[in-house]
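Q: Below are the sequence and a predicted model; questions follow.
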Amino acid sequence: MVARTTADAKGDVVVLLIGMRINRFRAVHLWLPVMLGMLRMLRELEEDRGRGLLAKVLLTASPRTYYVVQYWETRDKLYAYATAPDAFHHRAWAALNRKERTGRLRGQVGIWHEAYVVPEGSYEAIYGDMPAFGLAAAHGQVPLAARGRYAKDRFAHRSDEDEGA
């Protein structure tokens, strides 16, 4: 393992943050299916790499809040998965909407997501004595020198520079 590396991302980077918050611990019958549904979707995406998920990081913000940072090939593939009738997401989202319309979820479990398309030149990464993680797990990692010793150099790096080398 090289001591210092950076992500080998080229072009735009698509990031999805998606998670849940347990508002009432006693409502296990409502929040546990949400949590298990997310794990099932992640498994589905890992089994079918063609759908576009490149990498993920599972995180917890508190004993109540759990989320996943996901890195996607493209915004189009993220949208295609979210709307695909054959994907588990479609069934899970429909079930969640039905429960919400009846008011059963109100106040029991919170759900959220944020999606970002980050243009090249607007991201940089550094990893010290780390295996591929996060953006580097999604796009590969290279020695730091390949993109520049300083953050300003890594921000300034353009993938078309790699093609000319």
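A: Arrived safely. Numbers count the residues shown, from 1 in each chain.

Q: rest of the way, CA atoms for contacts and neighbours
A: Noted.

Q: Show residues contacting the lengthiest helix in the chain.
A: Taking DSSP state H as the criterion, the chain has its longest helix at helix 28-47. The set of residues external to helix 28-47 that reach it, using Cα atoms under 8 Å, 6 or more residues apart in numbering, is M20, I22, R51, G52, L53, F88, H89, A92, L105, Q108, V109.

Q: So among those, where is pLDDT lowest?
A: Of all these, L105 carries the smallest pLDDT score, 78.

Q: Give me the phi and psi for the spatially most central residue of the chain.
A: For the chain, the residue nearest the mean C-alpha position is Q70 (0.9 Å; Cα atoms, centre = their mean). In terms of degrees, to the nearest 10, the main-chain angles of Q70 are phi -120, psi 140.

Q: Equivalent analysis for Y116, please.
A: phi -140, psi 140.

Q: likewise Y127?
A: phi -130, psi 130.

Q: how much space is there between it and A137?
A: In this view, Y127 and A137 are 11 Å apart by Cα to Cα, to the nearest Å.

Q: what does the helix or strand containing A95 rub up against?
A: Using DSSP states H and E, A95 falls within helix 88-101. Residues from elsewhere that reach helix 88-101 (Cα under 8 Å, 6+ apart): G37, R40, M41, E44, Y81, A82, T83, A84, P85, L105, R106.

Q: From those, list just the buried residues.
A: Burial by neighbour count, judged by 16 or more other Cα atoms under 10 Å, picks out G37, Y81, L105 from those.

Q: Can you check what pLDDT the model gives the first one?
A: Right, G37. 95.

Q: any idea of the pLDDT on V28?
A: Reported pLDDT for V28: 94.

Q: Kindly apply the preceding question to G164 instead.
A: 58.

Q: Now do the contacts for Y127.
A: Contacts of Y127 by Cα under 8 Å, 6+ apart are A3, R4, T5, T6.

Q: Look up which residues are beta-bridged to it.
A: T5 (DSSP bridges).

Q: What separation do you get for it and L32?
A: Y127 is 34 Å from L32, by Cα to Cα.

Q: Name the residues of stretch 61-73 that are buried.
A: Per 16+ other Cα under 10 Å, stretch 61-73 contains these buried residues: T65, Y66, Y67, V68, V69, Q70, Y71, W72, E73.
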